[in-house]
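[1] Okay, predicted coordinates and the sequence, questions at the end:
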Amino acid sequence: MYDAFDGIVIHLGNFECAIHTSVLVWLCICFLAGIVLVAAGNKFKKADISKAPSGIVLVFEQAVGLITFIVGNSLGKNTRKYLWFYGTCMILMLLSNLSGLLGLQPPTSNLSVNVTLAVTMWLIIQSTSLKEKGLIGKLKGWCEPLWPLFPLNVLGDFTLPLSLSLRLFGNLLGGTIIMGLVYSLFSVLNSFLNGLGIALFVVTPFLHAYFDIFAGFIQTYIFFTLSTFFLAQELPEE
C-alpha cells in the first residue's frame, strides 16, 4: 500500500500513521528553530545594552527589525500584539522555503502544509473579526457597500485560504520541479557530451539563487503581507 510513499509509516497495533517527508522536514525545522530562538533569547537577556550588538544578537536584532517592518506596515499600533506569532511563522516558513538548498523537499512545496498554514491565518482573521465587530457587524460588513454584493463578499472571505496556499504551493513546487529537470538534463548531457554536463553545473548556483533563495524570501514576504493586510481590515481603524 505504501510502496511509493515518500516518508515513514508508524505502526501502533492495528493503527498506521503515515508521515510524509515534507512534514518530517517541517518538524525538524521547528525543533531546530526553537533551540536557536531560545538560545538567542538568552543572549538578548545577557547582552550589555551599553555596547553595540554583535554576533547572534546583531543577527536577530536585524531579523526582528525586518519582521516588525513587514508586520507593522499593515497592523500599525497592533503590531506588538501579533508580532510574536507572525514573526515565528515567518522564520519557520523562510527556513522551510530555503531547505531546498540542502537537497531536501521544502515543506511548503506540499499543498497540505500550505493549506494548514493558510487556514490558520484565516481562522485568526475571522476570529478577530467576530471579536471586534460581533456577528451582526460581520453580517453587515458582508453587505457593504451594497447588499447585492453579499455573496461575493462571503466568497471573497472563504477563498482567502485557497488563494494563499495555492500561490505559495505553486511557486515553491514549480522551483523544485524545474531544478530537478535541470539536474536531469545536465546528467544526460554529461553522459553524451563527455564532461560538458559537468561544466553546465556551474550555472546551477545562479538558478538556486533565484528559485530557492529569491523565491523563498519573496513568497514569505507576500504570504505574510497579505495575511496581515486582511487582518488589519478587521481591526479598529487607528
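    All right, it came through fine.
[2] Please count neighbours and contacts with C-alpha atoms only from this point.
    OK.
[3] Can you show me the helices along the chain?
    Under the criterion DSSP state H, helices of the chain are mapped to 21-46, 55-75, 79-98, 111-142, 150-158, 160-192, 196-200, 204-208, 215-234.
[4] The longest one packs against which elements?
    Put plainly, it is helix 160-192. helix 111-142, helix 196-200, helix 215-234 (3 or more C-alpha pairs under 8 Å, 6 or more residues apart in numbering; DSSP states H and E).
[5] Same question for the fourth one.
    For helix 111-142, the contact count by 3+ C-alpha pairs under 8 Å, 6+ apart identifies helix 150-158, helix 160-192, helix 215-234 as packing neighbours.
[6] rerun that using 6 Å as the cut-off
    Secondary-structure packing of helix 111-142 (3 or more C-alpha pairs under 6 Å, 6 or more residues apart in numbering; DSSP states H and E): helix 160-192.
[7] what about the helix it packs on, average pLDDT?
    If you average the pLDDT over helix 160-192, you get 82.
[8] Just the buried residues of it, please?
    For helix 160-192, a neighbour-count test (16 or more other C-alpha atoms under 10 Å) marks 160-161, 164-166, 168-169, 171-173, 175-176, 179, 182, 186-187, 189-190 as buried.
[9] That helix vs helix 215-234, what angle?
    For helix 160-192 against helix 215-234, the angle by axes from the mean of the first three to the mean of the last three C-alpha atoms, to 10 degrees is 180 degrees.
[10] tell me the angle helix 160-192 makes with helix 111-142.
    Using the same axes, to 10 degrees: helix 160-192 against helix 111-142 is 150 degrees.
[11] Having no further points to raise, I will conclude here.
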